[in-house]
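Asks: Here is a sequence with its predicted model. Questions after.
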Amino acid sequence: MGTTRAPKAALPPTERLHPRADDLDLLPVEAVVRRLHQEDLIALRSVREALPAISAAARTVAEALRVGGRLLYVGAGTSGRLGVLDASECPPTFGVPSTCVQAAIAGGKRALTRAVEGAEDDVEAGARAVRTFRATARDVVCGISASASTPYVRGALDEARLRGAHTVLVCCNPPGKALRADTVVLALTGPEVVAGSTRLKAGTATKLVLNAITTAAFVSLGKVYRGRMVDVRPTNAKLKARAARMVAELTDLPPARARALLTAAGNSVKLALAMHFTGLPPAQARRRLEDGGLRALAPPVPGRTAVSKANGKSPRRRRS
């Protein structure tokens, strides 16, 4: 009498074998690169399908930051490293304190450069990371897990929910009941050409999602003006040159006068522009800037009003 075998559990999409990868190791390098590029296009399409959820997450993050809350990333492996990368790039790009966007990775700092085996399986470590952040109801805790099943991330999101924080999950597989979040950003990237290697298109999609969340949030908070990072911190030669160039472009001043204005503004591009637009000294220009933002102080941009009227919309004033 034969025995009945239990059915195999279906693998999550990112762990399955790719239908076009069986011959990958037989291909020349050029063909491998082309196939990887084709997969990257799938990552782009998956992010496009997730745009409503990305927008909701960005709006929530902006609202939290506006009232003094923070964006706190938690993740393991590639997902955790992408969170750390995005958090580290926000201060120089948008001129915000390093405490504004923070990240925790399973295994700690050592995991940034090498694999820390077993760290992602530690539920309590995820909860502990959120407690270390001292997360509150003002914060947004964003778990990043391509598999949508990482125990470390589950522990972090559960702890965040207990503390009243808004929770976001960025993932590439549909999450099960164990991993819950208020906002789920699902980019369905499917199987990788190297099975299970989510550093490939799942990682690409995740990077795109995180870029969009933080950039859209900070744009809505007035950290960008006419396509320029006007809150940039000019901490090296390249950024100092960029800051002076922005002031010159946005004021039509000669380079020497733009640099002098920037110096008078303490190297703050935004304050330099406010001083130029209002004709006021730094302290008074700063107060005007805080009251309404650059758009309220700047002269109309030629052609911009006509375009807004044609679209039936008027530009929204944003606080800086």
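Replies: That came in fine, so what should we check first? Numbering: from 1, shown residues only.
Asks: In terms of helix, strand or coil, where does G164 fall?
Replies: Here G164 is coil, with the state taken from DSSP: H, G, I helix; E, B strand; the rest coil.
Asks: Need the phi and psi values for it.
Replies: phi 80, psi 10 (degrees, to the nearest 10).
Asks: likewise the one 3 residues further on?
Replies: Reported as degrees, to the nearest 10, the phi and psi values for T167 are phi -110, psi 140.
Asks: hey, where'd the helices end up in the stretch 151-300 of the chain?
Replies: Residue ranges of the helices in the stretch 151-300 of the chain, as given by DSSP state H, counting those that start in this stretch, are 151-162, 201-220, 237-251, 255-264, 269-278, 282-292, 294-297.
Asks: list the buried ones in stretch 172-191?
Replies: Of all the residues in stretch 172-191, those buried under the rule 16 or more other CB atoms under 10 Å are 172-173, 175, 179, 181-191. For the C-beta atoms, the positions are set from N, CA and C on the backbone; glycine is no exception.
Asks: I'd like the helices of the stretch 151-300 of the chain laid out as CSV, including mean neighbour count.
Replies: Output for the helices of the stretch 151-300 of the chain, formatted as CSV (neighbours: other CB atoms under 10 Å):
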stretch, mean neighbour count
helix 151-162, 24
helix 201-220, 23
helix 237-251, 17
helix 255-264, 16
helix 269-278, 24
helix 282-292, 15
helix 294-297, 18
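Asks: out of those helices, nearest to E89?
Replies: For E89, the closest of these is helix 201-220, at 8.2 Å, according to CB to CB.
Asks: What is that closest one packed up against?
Replies: Packing contacts for helix 201-220, counted by 3 or more CB pairs under 8 Å, 6 or more residues apart in numbering; DSSP states H and E, involve helix 29-49, helix 51-66, strand 71-75, helix 77-94, strand 140-145, strand 166-171.
Asks: Now do the fifth one against helix 201-220, angle only.
Replies: Which is strand 140-145. Between strand 140-145 and helix 201-220, the angle comes out at 160 degrees (axes from the mean of the first three to the mean of the last three CA atoms, to 10 degrees).
Asks: packing partners for strand 140-145?
Replies: Checking 3+ CB pairs under 8 Å, 6+ apart, strand 140-145 ends up next to helix 51-66, strand 71-75, helix 77-94, helix 151-162, strand 166-171, helix 201-220.
Asks: Columns mean pLDDT and distance to A256 on top of the ones you listed, output as CSV?
Replies: Listed next are those as CSV, based on pLDDT from 0 to 100; distance: least, CB to CB, whole Å:
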stretch, mean pLDDT, distance to A256
helix 51-66, 98, 36
strand 71-75, 98, 40
helix 77-94, 96, 26
helix 151-162, 98, 51
strand 166-171, 98, 46
helix 201-220, 98, 31
